[in-house]
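Chemist: Next one to model:
(one chain, ligands or ions: 1)
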Amino acid sequence: MTKKHGKHQGAADGQKDSAKASQGAAGTGEPLAGSAPALVGGHIPIVPRPAPGIVMVEPGETVSLAAIDASTDGGFEKEAARELLKAERTRIQALQERLYAEHKRSLLVVFQAIDTGGKDGTIRSVFEGVNPQGCRVWSFKVPSTAELDQDFLWRYHLRTPGRGMIGIFNRSHYEDVLVVRVKDLAPEPVWRERYGLINDFERLLTASGTTVLKFFLHISKDEQKERLEARIAEPEKHWKFDPADLVERKSWGAYQKAFEDALSRCSTPYAPWLVVPANRKWYRNLVVARTIADTLEAMAPQFPEAKEGIEGLKVED
Ligand code: ADP
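Modeler: Modelled structure (predicted):
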């Protein structure tokens, strides 16, 4: 499994030359092969550019999370990784400005993880300094009764990013095949049907000009224990702690199984899952940031053409 995954990991020399690594099929404007969506409105689907150590799930592959080491550091040193992260943030900020100015396509970044998996921390770190005007974060909680009166995708579709925007989903439509499955909130035939519906939904988004980047933050059970203990031990972390988290932990195995099924069934050529070894926060932040920067670079957003006759214009007193 690990070996098989090796070939999907980012280039080993990605540390040195990530810009070069991002010049591939998507960067050249070639449409994707296979079952990638046809062009709609002239949009070319862009595939994610996973950074070193991230495991991209191949369509049709059966994922075993136990086979993926959550503690990998990709060969990076902690302090060096922090410096590299700053450079990746700068790249994201510059590319986000172009995406916003271009106003043609959008990026949807989905984060899923088990409790304490680090979704909040990743979002805070990776998007630091990004112009808030071009970026929106949505955190999905237990659906309201009004939301439950609609189809399960309704509340997510309402919040997908419009042209020029980066949308960030902190939890997402995947909850409807994760917590819903684990806690038996809907009958099995209902949640089983949803994998295909999710793939169709993401296909629609992709074909409409939205690149969908899906990160699963993979931590080990021991790491979760440490993080929960830290939340209990440190009063300033108490707000993050809910005693119900300890009950949820008892369902660790059921959640891992539900995650594996979601990752296996919903990895498509146009929106593959990216499994991020996430025990080390500094490594997780770096590889997520680099993947976002490389993917935005592959999208190659362009500033619109300037109106004619601007050069040399004088501004009157
Ligand atoms: P977080 O853990 O994301 O920081 P909360 O502690 O408020 O935020 O937890 C949000 C809760 O909402 C989680 O327990 C999650 O499983 C639940 N939730 C999210 N989406 C759904 C859904 N579609 N159906 C049921 N529960 C959901």
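
Chemist: Next, the contact list for R136, please.
Modeler: If you count contacts by Cβ atoms under 8 Å, 6 or more residues apart in numbering, R136 has them with 159, 161, 165-168. To be clear about C-beta, it is placed using only N, CA and C from the backbone, and glycine gets the same treatment.

Chemist: isn't there a strand covering it?
Modeler: Yes - per DSSP: H, G, I helix; E, B strand; the rest coil, R136 lies within a strand segment.

Chemist: For beta bridges, what are the partners of it?
Modeler: Counting by DSSP bridges, R136 is bridged to G167.

Chemist: coming back round to it: so how do I select the buried members of the contacts of R136 in PyMOL?
Modeler: Selection command for PyMOL covering only the buried members of the contacts of R136, criterion 16 or more other Cβ atoms under 10 Å:
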select buried, resi 161+165+166+167+168
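
Chemist: farthest-separated two in the contacts of R136?
Modeler: Farthest pair in the contacts of R136 (Cβ to Cβ) is R159 and I166. Separation: 12.4 Å.

Chemist: Next, the closest residue to W154 other than its chain neighbours: secondary structure please.
Modeler: Distance criterion Cβ to Cβ, 6 or more residues apart in numbering; nearest residue to W154, sequence neighbours excluded, is E147 at 6.9 Å. At E147 the chain is in helix, as set by three-state DSSP.

Chemist: how much space between E147 and L204?
Modeler: 20 Å (Cβ to Cβ, to the nearest Å).

Chemist: Let me know the pLDDT of the residue nearest to W154.
Modeler: For E147, the pLDDT comes out at 98.

Chemist: Quick one: name the residues of the chain near the ligand.
Modeler: 115, 139-143, 171, 175-176, 179-180, 185 (Cβ under 6 Å from any ligand atom).

Chemist: can you put those in a markdown table and add distance to D69, secondary structure and pLDDT?
Modeler: As requested, the residues of the chain next to the ligand are exported to a markdown table (distance: Cβ to Cβ, whole Å; DSSP: H, G, I helix; E, B strand; the rest coil; pLDDT from 0 to 100):
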| residue | distance to D69 | secondary structure | pLDDT |
| --- | --- | --- | --- |
| D115 | 21 | coil | 96 |
| S139 | 29 | strand | 98 |
| F140 | 29 | coil | 98 |
| K141 | 31 | coil | 97 |
| V142 | 33 | coil | 98 |
| P143 | 34 | coil | 98 |
| R171 | 25 | coil | 98 |
| E175 | 26 | helix | 98 |
| D176 | 29 | helix | 98 |
| V179 | 26 | helix | 98 |
| V180 | 29 | helix | 98 |
| L185 | 32 | coil | 98 |
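
Chemist: Now restrict those to buried residues only.
Modeler: 115, 140, 143, 171, 175-176, 179-180.

Chemist: quick one: contacts for A262?
Modeler: So A262 contacts 112, 174, 177-178, 195, 273 (Cβ under 8 Å, 6+ apart).

Chemist: Which one of these is nearest to the ligand?
Modeler: Closest approach to the ligand among the contacts of A262 (Cβ to the nearest ligand atom): L178, at 7.2 Å.

Chemist: what sits up against the longest helix anywhere in the chain?
Modeler: Secondary structure of the chain per DSSP state H: the longest helix is helix 78-102. Under the contact criterion Cβ under 8 Å, 6+ apart, helix 78-102 has outside partners 15, 73, 76, 105-107, 125-131, 133-135, 164-166, 280, 282-283, 285-286, 289-290, 292-293, 296-297, 299, 301-304.

Chemist: how about a cut-off of 7 Å?
Modeler: 105, 107, 128-131, 134-135, 164, 166, 282-283, 285-286, 289-290, 292-293, 296-297, 301-304 (Cβ atoms under 7 Å, 6 or more residues apart in numbering).

Chemist: Can I get the buried part of these as one PyMOL selection?
Modeler: Entered in PyMOL, the line below selects the buried ones among these, by 16+ other Cβ under 10 Å:
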select buried, resi 105+107+130+134+135+164+166+282+283+285+286+289+290+292+293+296+297+301
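
Chemist: From the contacts of helix 78-102, which land in helices?
Modeler: Per DSSP H, the contacts of helix 78-102 map to helices at 282-283, 285-286, 289-290, 292-293, 296-297.

Chemist: Need those residues in TSV (columns: pLDDT).
Modeler: Listed next are these as TSV, based on pLDDT from 0 to 100:
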residue	pLDDT
W282	97
Y283	97
N285	98
L286	97
A289	98
R290	97
I292	97
A293	97
L296	97
E297	96
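
Chemist: Dump the residues you listed into a markdown table; add distance to E61 as well.
Modeler: Formatted as a markdown table, the ones in helices among the contacts of helix 78-102 follow (distance: Cβ to Cβ, whole Å):
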| residue | distance to E61 |
| --- | --- |
| W282 | 28 |
| Y283 | 23 |
| N285 | 26 |
| L286 | 25 |
| A289 | 25 |
| R290 | 23 |
| I292 | 23 |
| A293 | 26 |
| L296 | 26 |
| E297 | 26 |
